[in-house]
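1. using only what follows, build the 3D model:
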Amino acid sequence: SNKLFIDNRQRANESDARIKALVYGVFNDATTSQFLTVNGKLGINTIEPAEALHVIGSIRQTGATNCTLIADANGKIVCQSSSREFKEDIQDLEFDQEKFLSLVPKSFKFKEGLPFRIEGRQVGFIAEEVAEVFPELVRFEKEKPVGVNYDRLPIYLYVILKAQEEKIKMLETNLSLIQKAGILTSGNFENLPFKINAQGEIEVNSLKTKKLQVGTPEEPSGITLFDKKTKEPYCLFIEQGEIKQKLGYCQEESVQNREGLPDNNGGENGHENNQNTNGQNENNQSGQGGSENNNETNGGNEINQNENQTAPENDNQKAQGNDNQGNAGSFSEDQPSAESGTESASNF
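-> A predicted model of the protein is given here:
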């Protein structure tokens with residue numbers, strides 16, 4: 001017979017002997033058809049095997065050194081080689097890192113009665129959960145996820161770690177450049193050349209720029225300047241193409257809604273009042289006979305004085321009916337006298 005039975009009793013039939021005999025084997029000229037089955041636990045260098053295969057000592061394999069024994073998708077245990085000689089279709093590993101990091105490790109206990117049960121609390125992943133995100137990390141049996149290929153996890157983690165290291169180096173380089181520029185010292189912001197207050201306003205000692213925009217078409221604004229003498233704020237803005245000013249800060253109210261406030265030259269109700277540097281405006285007009293009309297402005301009120309009441313009036317003044325009342329806001333330039341050829345000068 002080409003069959004081997006090692007048993008201590010007579011079995012009813014061959015089928016019963018195959019599953020109950022201590023050892024059952026088949027011999028054949030074709031070595032691929034030969035096998036040896038041990039029913040029970042097999043111990044090597046031990047008389048009390050604790051598992052199906054219990055080995056005391058070293059196990060040797062040939063073909064590759066320092067390899068890792070792994071179980072493939074079909075449960076086959078192999079020694080995986082890393083040599084290029086045994087590989088083809090070599091590609092860089094690319095995968096969705098965010099998906100990989102979405103995997104949630106669990107702690108658990110194995111159920112009682114399992115042949116592969118390990119005592120105590122264990123840690124790992126749930127095969128069904130991993131299969132939904134990374135099926136290539138799962139071992140299937142009859143299309144059912146039964147295990148996770150933990151031997152592959154370090155390779156994926158290495159790719160993520162490498163990417164993080166590159167980002168850290170880039171940040172360190174940028175930080176070094178900033179520190180060399182003198183903007184940051186000792187990890188704080190005390191030496192920054194500007195400050196940001198609670199209102200979100202930037203405060204700087206000096207500002208130099210090629211372009212500057214103040215306000216928008218929807219919300220026109222202006223620039224606040226301070227009077228050197230009175231220290232009062234004035235808002236400088238544009239209205240109808242003209243530069244104007246208002247007393248106060250620009251942000252206090254929209255410049256479009258201000259009415260009845262003093263205009264550029266300190267007049268009232270939109271009229272212009274011309275003042276010289278000492279608060280007085282002299283309007284000297286020379287007519288026939290050398291008469292002078294002096295207009296003096298005190299506190300925004302104009303007093304019209306004619307120093308020579310008997311002097312003849314200028315012909316042009318007669319024609320225009322202008323007795324030079326000094327109406328605020330109207331600058332009048334007298335035309336040259338027809339008789340004397342002299343001109344009236346307005347100083348403002």
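2. can you report phi and psi for D151?
-> Note on D151: its backbone torsions stand at phi -70, psi -20 [degrees, to the nearest 10].
3. model confidence score at it, please.
-> D151 is assigned 85 on the pLDDT scale.
4. leaving out the residues flanking it, which one is nearest to it?
-> I70 (5.0 Å; CB to CB, 6 or more residues apart in numbering). No exception for glycine: its C-beta is placed from N, CA and C like everyone else's.
5. can you tell me the element E165 falls in?
-> Mapping E165 onto the secondary structure by DSSP states H and E places it in helix 153-180.
6. and that helix, what other elements does it pack with?
-> Here helix 153-180 touches helix 97-101, going by 3 or more CB pairs under 8 Å, 6 or more residues apart in numbering; DSSP states H and E.
7. buried set for the helix it packs on?
-> Of the residues in helix 97-101, F100 count as buried by neighbour count, 16 or more other CB atoms under 10 Å.
8. show me what the residue nearest to D151 bridges to in the sheet.
-> V78 (DSSP bridges).
9. would you map the helices across the chain?
-> 14-20, 97-101, 127-133, 153-180, 315-320 (DSSP state H).
10. check contacts around the closest residue to R152 other than its chain neighbours.
-> Nearest non-adjacent residue to R152, counting by CB to CB, 6+ apart: L137, 5.8 Å away. L137 makes contact with 130, 148-149, 152-153, 156, according to CB atoms under 8 Å, 6 or more residues apart in numbering.
11. what would the residues you listed look like in TSV with neighbour count and distance to S33?
-> TSV is the format used below for these (neighbours: other CB atoms under 10 Å; distance: CB to CB, whole Å):
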residue	neighbour count	distance to S33
V130	22	38
V148	20	35
N149	17	31
R152	14	34
L153	16	39
Y156	18	41
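12. let me know which of the helices of the chain is tucked in deepest.
-> Highest mean neighbour count of the helices of the chain: helix 127-133, a mean of 16 (counted as mean count of other CB atoms under 10 Å).
13. what distance do you get for D7 to Y24?
-> D7 is 8 Å from Y24, where distance means CB to CB, to the nearest Å.
14. which residues are common contacts for these two?
-> Joint contacts of D7 and Y24 (CB under 8 Å, 6+ apart) are A17.
15. look at the two and report which has more neighbours.
-> Y24 (20 against 13; other CB atoms under 10 Å).
16. what's across from the more buried one in the sheet?
-> Beta-bridge partners for Y24, by DSSP bridges, are F5, T37.
17. contact partners for it?
-> 3-6, 17-18, 36-37, 39.
18. now list the buried members of those.
-> Among these, those buried by neighbour count (16+ other CB under 10 Å) are 17-18.
19. which residues of the stretch 201-348 of the chain score low on pLDDT?
-> 252-348 (pLDDT under 70).
20. again, 90 this time
-> Along the stretch 201-348 of the chain, the model assigns pLDDT under 90 to residues 201-209, 212-215, 219, 221, 250-348.
21. how's the protein carved up into domains?
-> 3-59, 94-198, 215-259, 262-348 (automatic domain parsing).
22. how near is the residue nearest to D151 to F35?
-> Distance from I70 to F35, by CB to CB: 23 Å.
23. which of these two has more neighbours?
-> More crowded of I70 and F35, by other CB under 10 Å: I70, with 15 against 10.
24. can I assume the more buried one is in contact with I77?
-> Yes: counting by CB atoms under 8 Å, I77 is a contact partner of I70 at 7.1 Å.
25. was I right to think G57 contacts G43?
-> No: under the criterion of CB under 8 Å, G57 is not in contact with G43, lying 11.2 Å apart.
26. those two: which is more packed in?
-> When G57 and G43 are compared for neighbours, G43 comes out ahead with 17 against 8, by other CB under 10 Å.
27. and the pLDDT for that one?
-> Looking at G43, its pLDDT reads 88.
28. who does it form a beta bridge with?
-> Here G43, judged by DSSP bridges, has bridge partners H54.
29. from K20, how far off is it?
-> Counting by CB to CB, the gap from G43 to K20 is 19 Å.
30. cool, G248 as well?
-> From G248 across to K20, the span is 107 Å (CB to CB).
31. equivalent analysis for A127, please.
-> Counting by CB to CB, the gap between A127 and K20 amounts to 34 Å.
32. likewise for I160?
-> Distance, I160 to K20, by CB to CB: 52 Å.
33. repeat for T209
-> With CB to CB as the criterion, T209 and K20 are 95 Å apart.
34. equivalent analysis for L4, please.
-> Using CB to CB, we find L4 at a distance of 14 Å from K20.
35. just I90 next, same as before
-> Here the criterion is CB to CB. By it, I90 lies 50 Å from K20.
36. with G124 instead?
-> From G124 to K20 the distance is 36 Å (CB to CB).
37. contacting residues around F226?
-> 232-234.
38. same list (the contacts of Y24) but as JSON lines, adding distance to L171 and pLDDT.
-> Below are the contacts of Y24 laid out as JSON lines (distance: CB to CB, whole Å; pLDDT from 0 to 100):
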{"residue": "K3", "distance to L171": "71", "pLDDT": "81"}
{"residue": "L4", "distance to L171": "69", "pLDDT": "80"}
{"residue": "F5", "distance to L171": "71", "pLDDT": "77"}
{"residue": "I6", "distance to L171": "69", "pLDDT": "82"}
{"residue": "A17", "distance to L171": "71", "pLDDT": "79"}
{"residue": "R18", "distance to L171": "67", "pLDDT": "78"}
{"residue": "L36", "distance to L171": "61", "pLDDT": "82"}
{"residue": "T37", "distance to L171": "61", "pLDDT": "85"}
{"residue": "N39", "distance to L171": "63", "pLDDT": "85"}
